[in-house]
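Asker: okay, structure incoming, though there's no sequence with it:
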């Protein structure tokens, strides 16, 4: 198995046993009359993520793996084995995590540019932040224009805890930013295919310089070394910004006057009208947006019994704290304020919420809308765009519920 992460057999067995028990319970007396139909075979997990929880993810391709809506749970933090995967390039060889402290980062655009190992970075500071990691295309599957790319629903996201050194500490230790830098640019350490212009395929993204204040160079995720599949041994984490800006295997951090001229920056991840090619003059996919959705009861779990139902989900404020979340059971005709569940882990994390409702048999349409502390409401809809990016509209994320 090509992975730096061991399989947790005891946890996996417990999850499998629980799933079997729940399935049997849902069949009730019918289990005695006939055996349930065999489920279609799941696509196999690629070797580099063979440690993932196959029962709770959707394998779209070898580089795009989605968390099932029902698999987020209600405990804020997304376990690594259920966290989505989205790679613009194949992951580099797993040997890069054999000696994590030896990984080298080039820091440029500062008064004292240096090559720093992870061991060096560990001496320069420590911070921990809970933050939503979300693919720019999360929700793409809900756009009416059907843009190309993976048809993510809600599962290209998760809330994780990162630990590492604040970028601002590193910059300060190296004498501060040199010159008129306006951007922080991170370059990934993936192995580039031969025979092509590196700029056409490399993962190199620039974000506004202000993002430096909250950014981390992270070597730990959810209390463990950052898994190879998620960017270990070192990942640039930019809280509040969409996933593509959180550079895996970061090998270069530069403070630049201009945005990167790599294709992924110039003509990739731009907000363009449907059917049109991206242009460098169009808005870049940077900060995420105010967003929420219902996780349970999820459509994939089937009908629920009449009576009290705990409608629950997640809400994120991107770079702002949340003020409230409302829930509707009739597709947005009426709303009721939900209650936040669990601790507030900061403005970059998502909040779990719940609304207990007593439901009679029938059909319902569950929706949620979030409000931040600046009294901004989550948008009802997001305009279609050619890349299918940043879909945060509450109406598109509404889900049907059948009560029996």
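Answerer: Done, it's in. Nothing here was measured: the structure is a model prediction, and the numbers come from that model. Numbers count the residues shown, from 1 in each chain.

Asker: how about the helices of the stretch 1-150 of the chain, start to end?
Answerer: 9-27, 30-33, 118-122 (DSSP state H, counting those that start in this stretch).

Asker: now do the shortest one, average pLDDT.
Answerer: Averaging the model's pLDDT scores along helix 30-33 yields 35.

Asker: residue 345 belongs to a helix?
Answerer: No. Checked against DSSP: H, G, I helix; E, B strand; the rest coil, residue 345 lies outside a helix; its state is coil.

Asker: where does it land on pLDDT?
Answerer: pLDDT at residue 345 comes out at 98.

Asker: so the residue lying closest to it once chain neighbours are set aside bridges to which residues?
Answerer: Spatial nearest neighbour of residue 345, excluding adjacent residues (Cβ to Cβ, 6 or more residues apart in numbering): residue 130 at 3.8 Å. (Glycine included, C-beta is placed from N, CA and C.) Counting by DSSP bridges, residue 130 is bridged to residue 161.

Asker: tell me how many other residues crowd the closest residue to residue 394 other than its chain neighbours.
Answerer: Spatially, and ignoring its direct neighbours in sequence, residue 394 is nearest to residue 369 (4.5 Å; Cβ to Cβ, 6+ apart). When neighbours are defined as other Cβ atoms under 10 Å, residue 369 has 25 of them.

Asker: so residue 369 touches residue 392, yeah?
Answerer: No. At 10.2 Å, residue 369 and residue 392 do not qualify as touching, with contact defined as Cβ atoms under 8 Å.

Asker: quickly list what's touching both of these two.
Answerer: residue 378 (Cβ atoms under 8 Å, 6 or more residues apart in numbering).

Asker: show me where pLDDT drops low in the stretch 101-250 of the chain?
Answerer: Within the stretch 101-250 of the chain, not a single segment meets pLDDT under 70.

Asker: quick one: the strands in it?
Answerer: With DSSP state E, counting those that start in this stretch, the ranges of strands along the stretch 101-250 of the chain come out as 104-108, 114-117, 127-134, 157-166, 183-188, 204-208, 216-221, 224-225, 235-237, 250-256.

Asker: closest to residue 388 out of the ones you listed?
Answerer: Closest to residue 388 of these, according to Cβ to Cβ: strand 127-134, at 13.5 Å.

Asker: please identify the buried residues of that closest one?
Answerer: 127, 129, 130, 131, 132, 133, 134 (16 or more other Cβ atoms under 10 Å).

Asker: got CSV for the strands of the stretch 101-250 of the chain, with distance to residue 356 too?
Answerer: Shown next, in CSV, are these (distance: least, Cβ to Cβ, whole Å):
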stretch, distance to residue 356
strand 104-108, 49
strand 114-117, 51
strand 127-134, 25
strand 157-166, 23
strand 183-188, 44
strand 204-208, 40
strand 216-221, 33
strand 224-225, 35
strand 235-237, 35
strand 250-256, 44
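
Asker: most packed of these?
Answerer: strand 235-237 (a mean of 27; mean count of other Cβ atoms under 10 Å).

Asker: list the neighbouring strands of that one plus their orientation.
Answerer: When DSSP bridges is applied, strand 235-237 pairs with strand 216-221 (antiparallel).

Asker: phi, psi for the closest residue in space to residue 142 that isn't next to it in sequence please.
Answerer: Among residues not flanking residue 142 along the chain, residue 396 sits closest, at 3.8 Å (Cβ to Cβ, 6+ apart). Dihedral pair for residue 396: phi -70, psi -30, per degrees, to the nearest 10.

Asker: show the contacting residues for residue 396.
Answerer: So residue 396 contacts 139, 142, 143, 381, 382 (Cβ under 8 Å, 6+ apart).
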